[in-house]
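S.K.: This is a predicted model, with the sequence first.
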Amino acid sequence: MAEPPAPLTALPALRDRLRAVTQARVLLGRAGQALPTSALLDFQLDHARARDAVQTALDPTGFADAVGLPIIEVHSRAVNRSEYLKRPDLGRLLDPADAALLKPMGDELAIIVADGLSATAIHHHAAPLVLALLARLSGWRIAPIILATQARVALGDAIGELLRVDCALMLIGERPGLSAPDSLGAYLTWQPRIGRVDSERNCVSNIRPPHGLSYQAAADAIAALLTAARQRRLTGVQLRAAPALPK
Amino acid sequence: MTRFHIDLAGTRHGFATLAQLLAAASPERSGDRLAGIAADSMEQRVAARFILADLPLAIFLSEAIVPYEQDEITRLIIDRHDLVAFAPVAHWTVGGFREWLLANETDGLAIAAAAPGITPEMAAAVSKLMRNQDLIAVARKIQVVTRFRTTIGLAGRLAVLLQPNHPTDDPAGVAASTLDGLLMGAGDAVIGVNPATDDADTTAALLHLLDDIRLAYDIPTQSCVLAHVTTTLELVARGAPVDLCFQSIAGTEAANRGFGLDLALLAEAHAATLSLERGTVGQQVMYFETGQGSCLSAEAHHGVDQQTLEARAYGVARAFDPFLVNSVVGFIGPEYLYDGKQIARAALEDHFCGKLLGLPMGVDICYTNHAEADGDDSDTILTLLGVAGVNFIMGVPGSDDIMLNYQSTSFHDALYLREVLGLRPAPEFEAWLERIGLSANGRIGETLPRALAPDRIAALRGPHG
């Protein structure tokens, strides 16, 4: 026998309660089976903004000042946004003209800040995340920060190979979402060189305070991965699956 | 020297290999162009189809498009091929096979009986000769029914994969989206979370959360945390409540290596998950996700077109008796499927090829913000797949996945499709919806049943409790 339903007024109260714990579009209400008009238009507005964000160009101004370190600017072989979107292969290759900027200096770690699919994520989060990381990485010799445009994750392999570092850390703008046009991802690759596959990397994603990971929590997670990578001399699936090493 | 050629009004079109012929015959998509294997012209594409139509189906048994010696998936396909099942269709050309599939005398049972004799390459080849309506008409004939705690794929039913992702794996956030979906009648395919951080502790916490919700509300369904198969193996060993074992798979050995797996690892995970015996109406425990373009993305495509490679991923899936196979069709981006037209075509191809190979196909109808697609494209594909008899679709709050940053179908979309096509939830789940007073006369009410009181969920009590 069916239990009697609670009164309809319970739903608005529930909506407030659920929206307090998530940004997800919960309890939008219905017109028949469809969305109410206001929710429909809210969705269209957010989609329009995300589509616009994909086209935003990376602005390097101020990044060097914010982190207080020398910066090297490099580009992939994708010459503009349109080519970048259609030709991910070009986004993984370094512009040959920039290779001369990347000389091995005996460093262990390269930190690469890259636009990816959201330069907005870099504009919002890259400098504070880099500062939080540097505070935790005193035991590493770190190359000058690289700022890469029209870049895919694997561009870090080409950069790390030229710098001959042990490890490349790529901080890259993730695909813009409706509620998250500015999410940053961190990809860690031990012994970066051209031809590495995704299972050889570790990732910390959704770095985007206040709704995603905080800078402190992300930097803690990345620093722990770096320590483990240096101990095991690898990254990727094997690092994640391995039991923790004794100190 | 060309192995395959045809003269059309004085122009000779030639193709050196079977793989090149298949690629040229494939409908236009950006991924094949990126790989440099798409047809050079529209006429060349149709010329390739003329040649393909006259090739015997059996050519795909004697000629591997990815070398047998180099690829364990080719070996799986060839070594497990069932000649007895193949016999009724063995004499057909690819073009003749299309007509046999469409013939009124050929019913779904006949197609299902032939499935073990049909290789992924045969399925891909015939799909390239089929219009969208052919892909719908044939897929609609084929029922693939699977069971765990619900029964999925029955005629007149549409299940929903409730995906309550949260960007920080926050238990209250995941629980909130789950409750929203349940209140909209979703969750009969599975309640499945993509973890933001794929480590064993996070995955275990999410598994316990989903299992607690299932038990608290007494829902006849299954849960899954979409972690890497190595993580799931570890959690099975730890005694975590693993219903289904998830893994993303692709159509070449090299691409799967890029995912950190091989067939032996999948077999180990399948056996480990089966050993838990957590199903009630069945014990089909594997949940696979696929998507055109993954091999090219991993630079492991062997010069083969992305739709044929996708069908080969189904060859992997069917070796493990899956409960759900989900083609995440628009997720990979515009460099593989450029716009709404290409995504729609791929969705119909994937659903057709999967069903033809005997798989319980669902489709994650989705698009990213860097693709030329929007909600209208999604509605069109949703309706087409509903008519084609898709086993399940996704349900995400308001179409907005706040963790994976893409748009999938919403709980509203699932209600729309059930309403316009007269489709019902999985029978066990439908009975539960009626029992708790949420569903009456085939429609989901706008109400909060006492049985779904949020306070029954520990993660939702929190500071509000």
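M.R.: Here it is on my side, so go on. Numbering: from 1, shown residues only, chains lettered A, B, ... in the order given.
S.K.: Now residue 141: phi and psi?
M.R.: No chain specified, so I'll use chain A. Phi and psi for A:R141, reported as degrees, to the nearest 10, are phi -90, psi 120.
S.K.: actually chain B
M.R.: phi -70, psi -30.
S.K.: Tell me which residues touch it, please.
M.R.: By CB atoms under 8 Å, 6 or more residues apart in numbering or on different chains, the contact list for B:K141 reads B:T106, B:D107, B:G108, B:I111. Just so you know, the C-beta spots here come from the backbone N, C-alpha and C atoms, and that holds for glycine as well.
S.K.: Which residue, other than its chain neighbours, is closest to the third one?
M.R.: I take that to be B:G108. B:K141 (4.0 Å; CB to CB, 6 or more residues apart in numbering or on different chains).
S.K.: neighbours around residue 109, how many?
M.R.: No chain in the question, so chain A it is. The tally of other residues near A:L109 (other CB atoms under 10 Å in any protein chain shown) stands at 22.
S.K.: Please refer instead to chain B.
M.R.: 11.
S.K.: okay, it: pLDDT?
M.R.: pLDDT for B:L109: 98.
S.K.: Secondary structure element holding it?
M.R.: helix B:108-114 (DSSP states H and E).
S.K.: for that helix, packing partners?
M.R.: Helices and strands touching helix B:108-114, by 3 or more CB pairs under 8 Å, 6 or more residues apart in numbering or on different chains; DSSP states H and E, are helix B:83-86, helix B:132-141.
S.K.: Just the buried positions in the shortest one, please.
M.R.: By that I understand helix B:83-86. Of all the residues in helix B:83-86, those buried under the rule 16 or more other CB atoms under 10 Å in any protein chain shown are B:A85, B:F86.
S.K.: Touching it from outside, list them.
M.R.: The contact list for helix B:83-86 (CB under 8 Å, 6+ apart) reads B:A90, B:A113, B:A114, B:A115, B:P116, B:G117, B:I118.
S.K.: Among the residues you listed, find me the one that's closest to A:P88.
M.R.: Nearest to A:P88 out of the contacts of helix B:83-86 is B:I118 (CB to CB; 32.8 Å).
S.K.: Burial check on that closest one, number of neighbours?
M.R.: Look at B:I118: counted by other CB under 10 Å, it has 25 neighbours.
S.K.: Between all of the contacts of B:K141, which two are separated the most?
M.R.: B:T106 and B:G108 (8.6 Å).
S.K.: tell me the phi and psi of B:A16?
M.R.: Dihedral angles for B:A16 - degrees, to the nearest 10 - are phi -80, psi -30.
S.K.: Relative to B:F323, how far out is it?
M.R.: Counting by CB to CB, to the nearest Å, the gap from B:A16 to B:F323 is 41 Å.
S.K.: between these two, who's got more neighbours?
M.R.: Per other CB under 10 Å, whichever of B:A16 and B:F323 has more neighbours is B:F323, with 29 against 12.
S.K.: which parts of the worst-scoring helix or strand of chain A on mean pLDDT are buried?
M.R.: Every helix and strand in chain A was compared by mean pLDDT, DSSP states H and E; the lowest is helix A:237-241, with a mean of 77. For helix A:237-241, burial by neighbour count (16+ other CB under 10 Å) applies to A:V237, A:L239, A:R240.
S.K.: Can you tell me which of those residues is closest to chain B?
M.R.: Among the buried residues of helix A:237-241, A:V237 lies closest to chain B (CB to the nearest CB), at 3.7 Å.
S.K.: In contact with that closest one, which residues?
M.R.: A:S199, A:E200, B:H228, B:T230, B:G260.
S.K.: Report the spatially closest residue to the second one, excluding sequence-adjacent ones.
M.R.: The shortest distance from A:E200 to any residue other than its chain neighbours is 3.9 Å, reached at A:G236 (CB to CB, 6+ apart).
S.K.: Look at the residue lying closest to B:T280 once chain neighbours are set aside and say how many residues are nearby.
M.R.: In this structure, B:T280 finds its nearest non-sequential neighbour in B:R149, 4.8 Å apart by CB to CB, 6+ apart. B:R149 has 22 neighbouring residues, counting by other CB under 10 Å.
S.K.: that older thread, emit the ChimeraX select command for whichever of the contacts of A:V237 are buried.
M.R.: This is how ChimeraX selects the buried members of the contacts of A:V237, with burial counted by 16+ other CB under 10 Å:
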select /A:199,200 /B:228,230,260
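S.K.: In three-state terms, how would the residue nearest to the spatial centre of chain B be classified?
M.R.: For chain B, the residue nearest the mean C-alpha position is B:N326 (2.3 Å; CA atoms, centre = their mean). In three-state terms, and counting by DSSP: H, G, I helix; E, B strand; the rest coil, B:N326 is strand.
S.K.: For stretch A:11-21, the averaged confidence score.
M.R.: For stretch A:11-21, mean pLDDT rounds to 94.
S.K.: what residue ranges in chain A are flagged as low confidence?
M.R.: A:1-9, A:241-247 (pLDDT under 70).
S.K.: Return the residues of the stretch 101-250 of chain B in contact with chain A.
M.R.: B:164, B:166-168, B:170, B:172-173, B:175-177, B:179-180, B:183, B:196-199, B:228, B:230-231, B:234 (CB under 8 Å from any CB of the partner chain).
S.K.: give me the number of residues near A:A66?
M.R.: A:A66: 12 neighbours (other CB under 10 Å).
S.K.: does the closest residue to it other than its chain neighbours sit in a helix or strand, and which one?
M.R.: Leaving aside its sequence neighbours, A:A66 sits nearest to A:A127 (CB to CB, 6+ apart; 3.7 Å). For A:A127, the enclosing helix or strand under DSSP H and E is helix A:119-134.
S.K.: cool, B:G330 as well?
M.R.: Under DSSP H and E, no helix or strand contains B:G330.
S.K.: Identify the residues contacting stretch A:62-73?
M.R.: Against stretch A:62-73 from outside (CB under 8 Å, 6+ apart): A:60, A:101-102, A:113, A:122, A:126-128, A:130-131, A:134, A:144-149.
S.K.: just the buried members of these?
M.R.: Buried by 16+ other CB under 10 Å: A:102, A:113, A:122, A:126-128, A:130, A:134, A:144-149, out of the contacts of stretch A:62-73.
S.K.: give me every residue that touches A:R240.
M.R.: A:N202, B:D198, B:D199, B:H228, B:T230, B:T231 are the contacts of A:R240 under CB under 8 Å, 6+ apart.
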